[in-house]
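Participant: Predicted structure and sequence below. I'll ask about it afterward.
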Amino acid sequence: MAFSCEYGIDVLKMNDSFLISRERSFFYKVEKNKINWQLNKHYQERNFFYKLFLKFFIRFIHFYFYISPNKKSYKIGVKSNYPNFVFGKNLGINFSKENLIKQSQKYNVVLSGWGLRDWELVLKHKESIVKNIISCVSDFVEFKNLIKKDYLLVHIRRLDFLEVDEFEPLNFNDEIWLKSILKLSYLKGVNKVAIFSDSSLKNSFISTLEMNGLKVIFPEIGISSEKFLDIFLSYIWGASFILCNASTLVLSFAFLNHEKIYLPSRKKDFQEIFLNKAHNSFPTLLNWN
């Protein structure tokens, strides 16, 4: 959105697990004043054949752009961030966004990878971006009917984070999570904690919180996959405070109506991160750049 707003170029994005075209096509156009995409309620229901088709489709598009004289095929980031066997010039991690924009103004360009972000542009066009995202996500959540409530939202992300060596500073053991939850709840005067976690928590973890006077709720228990995003986004929007280890999903939606979030910390009780600076604040920058 930021690139589209700033440079007026046509930006097309392929459907992924979370965002899909409103017109049910493979691509949607990212525009400043028009929402052509929507959240995918069925994001967990992609079958094997659809995933296989996407793999072939992505490789075909890159190969076609690679051999065409008036088109360009690029890969950005490290190898683990884009599909294998993709034809295209590898721009690496520290590529020039300015040169890439110039290329896209001269040629049609296809990109695969992770890391095409310019946070100065995001902040410059934040008002438009937030308005567009809220407009789209309102299909899921009636934000106008939600008010902030007195609870601490905790999102513990472990499974895929544990597989990335660079994300080690974003992974915390139970003792560190407990220390941060208890201290933050005490200082902010909240006695309710809503926990989302992609791994099971020990009974001792929960009982420790309850013994310290906290009411612990697990909003995602017993809900269908179709309702997960609805519940998750509602709780992010309504939370008085957010404690997480820099999940992109949490950071992105907290960005809509929260000034800051909190991270567990090995050295302190917790770390305060202002979202307008999260892209260059350690360790959130590890996942948001």
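Facilitator: Cool, the structure landed.
Participant: quick one, what contacts Asn280?
Facilitator: 119, 289 (CB atoms under 8 Å, 6 or more residues apart in numbering). The way it works is simple: take the backbone N, C-alpha and C, and place the C-beta from them, glycine included.
Participant: Can you give me the separation between it and Trp288?
Facilitator: 9 Å (CB to CB, to the nearest Å).
Participant: And for Ser207?
Facilitator: 34 Å.
Participant: all strands of the stretch 101-250 of the chain, in order?
Facilitator: 108-113, 149-156, 192-197, 215-217, 239-244 (DSSP state E, counting those that start in this stretch).
Participant: got those strands as TSV, with distance to Glu98, mean neighbour count and mean pLDDT columns?
Facilitator: TSV is the format used below for the strands of the stretch 101-250 of the chain (distance: least, CB to CB, whole Å; neighbours: other CB atoms under 10 Å; pLDDT from 0 to 100):
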stretch	distance to Glu98	mean neighbour count	mean pLDDT
strand 108-113	14	19	92
strand 149-156	35	21	93
strand 192-197	39	20	96
strand 215-217	47	14	96
strand 239-244	33	22	96
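Participant: so can I have a markdown table of the ones you listed showing distance to Ile35?
Facilitator: Output for the strands of the stretch 101-250 of the chain, formatted as a markdown table (distance: least, CB to CB, whole Å):
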| stretch | distance to Ile35 |
| --- | --- |
| strand 108-113 | 22 |
| strand 149-156 | 26 |
| strand 192-197 | 26 |
| strand 215-217 | 32 |
| strand 239-244 | 25 |
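Participant: Provide a list of residue ranges in the stretch 51-200 of the chain with pLDDT below threshold.
Facilitator: Scanning the stretch 51-200 of the chain for pLDDT under 70 picks out 140, 142-148.
Participant: Please enumerate the helices of it.
Facilitator: Taking DSSP state H, counting those that start in this stretch as the criterion, the stretch 51-200 of the chain carries its helices at 97-106, 119-124, 126-137, 174-188.
Participant: what packs against the shortest one?
Facilitator: In other words, helix 119-124. helix 2-7 (3 or more CB pairs under 8 Å, 6 or more residues apart in numbering; DSSP states H and E).
Participant: Give me the distance between the helix it packs on and the centre of its chain.
Facilitator: 20 Å (CA atoms, centre = their mean, to the nearest Å).
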